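Novice: Pasted the sequence and its predicted model underneath.
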Amino acid sequence: MKAATLPAALLACLAAGAAGAACPDRSPGVDVAVGIRPAIPFVDFDRHGVARGLAIDMWQIAERELRARGLIGSTEFVLCPSIRDQGEALASGGLDVVISPLTITAARMESYAFSQQYLSSGLTVMQRDSGAIDFRHAAGVVVDTVTQPGVVRAVLGFLALNLVVALLFRWALRAEGKGLEAEMGPFAATTAYVIEAVTRTIGLKGVSSTFRRAAGRILEIFLAVVGTALSATAFGVLTSAFVGAIGARTALPIEDVVRMRVAVLAGSTAEDFLHDTARRLGDRAGLRCGAAPAPATAQGPLCLLTPTWAEAADLLAAGTVDVVLGDWVALSYLARLDRYAGRFTVQPRTYVSEAYGWGITPHRPALRDGIDRILIDEMRQPEWRARIEGALGAGAIRPE
């Protein structure tokens, strides 16, 4: 395998890709041309311009096996930053494999083949983290908590406990000669007993001097303990809800996204999905797409196309766009990087599910079969999940 080119050549290739140039030709005598593009953490380049990342590691494993089985000869990385150009090169045979992240779609499969799926993802949005409390999110957490079957039973039990406590208070106050019926009437007295029971069982009242008899004081002490426990539990639920809601956002409908300033990866399924949504809405959003940066005179909804997810994240950080619409795995990884940590929020729910696979030229079916067998064997190994999550982060195997 020939090493990737140096940084200066990489920048030149990126500029050519942005200008719409086709993928470079493979070197003479190379058997398998492997298409790559910068897409951290799948493909990145160190300061010497050498390719690295999860996709590179996976390909090196597959390459060893393919060569050992006599299925391939010499190989070479070919830098081709444009997803569309990669697809055209696969269809024509200019590239044999594309290992940078590609999602499997029916439209793409009409032009070239795909390997076995090796990762699940989906389309979602990344937004700036405001740090404010999303009260709708907090209320949703509280509602979800109290509507759980066990919680409902606990609430019913709490209400039953208060009825019993109200009766005990009625008995204890009468024993002290402090019954309320003579002063307030039966209905008002019963209401007062219930209110007293509730305030004590939720911890709003502690031990007082109301009772002189031992039975009454024991009842007060018991209720003080119960009230402290219940109030602590309720406070814990509310604290968790509001702490979790700091910087959180309710799910953003895709219909709202097309009316915002949004960055997407050029040639990606995110771009197609954005256009499809706009058409479904009758193009009422007036969506316009163009290469970043945004025109100085741009107003209203806007779609900015970038060659990498990192550049889309930079536009979001600079306030040029409101959201980045893209791949859950890629955006979640970017949000965890040191330069973005604490600044972005990635919506956990995806609009559509997608599957990752390697693009393979249709002219080499034996190569595809060999890659499929190797990927399947690798995914059956116990360390497969650890390798993926080690590169992409915990939970990267399956978004919500």
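Specialist: It's in.
Novice: only C-alpha atoms for contact and neighbour calcs from this point on.
Specialist: Will do.
Novice: in the chain, which ranges drop under the pLDDT threshold?
Specialist: 1-21, 130-183, 185, 187, 189, 192-250, 283-286, 294-301, 395-400 (pLDDT under 70).
Novice: care to break it down by domain?
Specialist: Per the record, the chain has its domains at 7-120+355-392, 137-244, 251-353, by automatic domain parsing.
Novice: Could you tell me how many residues sit around residue 99?
Specialist: Residue crowding around residue 99 was assessed by other C-alpha atoms under 10 Å; the count is 24.
Novice: Kindly confirm my reading that it is in a helix.
Specialist: No. Residue 99 is assigned strand when assessed by DSSP: H, G, I helix; E, B strand; the rest coil, not a helix.
Novice: What's the separation between it and residue 79?
Specialist: According to C-alpha to C-alpha, to the nearest Å, residue 99 and residue 79 sit 11 Å apart.
Novice: CA atoms only for the helix or strand that contains residue 279, dumped as PDB, please.
Specialist: Per DSSP states H and E, residue 279 falls inside helix 269-280. Provided in PDB are the C-alpha atoms of helix 269-280 (Å, rounded to 0.1, in the frame of the first residue of the first chain):
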ATOM      1  CA  THR A 269     -27.600  12.000   1.800                       C
ATOM      2  CA  ALA A 270     -28.200  14.900   4.200                       C
ATOM      3  CA  GLU A 271     -28.200  17.300   1.200                       C
ATOM      4  CA  ASP A 272     -30.600  15.100  -0.700                       C
ATOM      5  CA  PHE A 273     -32.900  14.700   2.400                       C
ATOM      6  CA  LEU A 274     -33.000  18.500   2.800                       C
ATOM      7  CA  HIS A 275     -34.000  19.000  -0.800                       C
ATOM      8  CA  ASP A 276     -36.600  16.200  -0.600                       C
ATOM      9  CA  THR A 277     -38.100  17.800   2.500                       C
ATOM     10  CA  ALA A 278     -38.300  21.200   0.800                       C
ATOM     11  CA  ARG A 279     -40.100  19.700  -2.200                       C
ATOM     12  CA  ARG A 280     -42.500  17.800   0.000                       C
END
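Novice: list the buried ones in it?
Specialist: 269, 270, 271, 273, 274, 275, 277, 278 (16 or more other C-alpha atoms under 10 Å).
Novice: overlap in contacts of residue 99 and residue 79?
Specialist: 35, 36 (C-alpha atoms under 8 Å, 6 or more residues apart in numbering).
Novice: right, and residue 313 touches residue 324 too?
Specialist: Yes. With contact defined as C-alpha atoms under 8 Å, residue 313 and residue 324 form a contacting pair (7.0 Å).
Novice: Just want to know which of these two has more residues nearby.
Specialist: Taking other C-alpha under 10 Å, residue 313 and residue 324 do not tie; residue 324 has more neighbours (28 against 25).
Novice: hmm, back to that, tell me which two of the buried residues of helix 269-280 sit farthest apart.
Specialist: Using C-alpha to C-alpha, the pair of the buried residues of helix 269-280 lying farthest apart is 269 and 278, separated by 14.1 Å.
Novice: Pipe the buried residues of helix 269-280 into TSV and attach distance to residue 337 per row.
Specialist: Below are the buried residues of helix 269-280 laid out as TSV (distance: C-alpha to C-alpha, whole Å):
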residue	distance to residue 337
269	24
270	22
271	24
273	26
274	26
275	29
277	30
278	32
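Novice: Looking at those residues, which is nearest residue 127?
Specialist: If you rank those by distance to residue 127 using C-alpha to C-alpha, residue 270 comes first, at 15.4 Å.
Novice: Now that closest one. Nearest residue, chain neighbours left out?
Specialist: Once flanking residues are discounted, residue 270 sits nearest to residue 326: 5.3 Å by C-alpha to C-alpha, 6 or more residues apart in numbering.
Novice: The one you found belongs to a helix?
Specialist: No. According to three-state DSSP, residue 326 belongs to no helix; its state is strand.
Novice: Next, the contact list for it, please.
Specialist: 123, 124, 125, 126, 264, 265, 270.
Novice: Dump those residues into TSV; add distance to residue 25 and secondary structure as well.
Specialist: Below are the contacts of residue 326 laid out as TSV (distance: C-alpha to C-alpha, whole Å; DSSP: H, G, I helix; E, B strand; the rest coil):
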residue	distance to residue 25	secondary structure
123	32	strand
124	35	strand
125	36	strand
126	36	strand
264	28	strand
265	24	strand
270	28	helix
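Novice: For residue 317, see how far away residue 345 is.
Specialist: 12 Å.
Novice: who's more crowded, these two?
Specialist: Between residue 345 and residue 317, residue 345 has the larger neighbour count (other C-alpha under 10 Å), namely 23 against 18.
Novice: What is the end-to-end distance of stretch 347-355?
Specialist: 18 Å.
Novice: Residue 74: neighbour count?
Specialist: Neighbours of residue 74 using other C-alpha under 10 Å come to 13.
Novice: what does residue 372 give?
Specialist: 20.
Novice: Cross-check the contact I'm expecting between residue 114 and residue 103.
Specialist: No. Using C-alpha under 8 Å, residue 114 makes no contact with residue 103, being 9.2 Å away.
Novice: list residues touching both of the two?
Specialist: By C-alpha under 8 Å, 6+ apart, the residues touching both residue 114 and residue 103 are residue 357.
Novice: ok, so what distance separates the residue lying closest to residue 325 once chain neighbours are set aside from residue 306?
Specialist: Ranked by C-alpha to C-alpha, 6+ apart and with sequence neighbours excluded, the top spatial neighbour of residue 325 is residue 125, at 4.5 Å. Distance, residue 125 to residue 306, using C-alpha to C-alpha: 15 Å.
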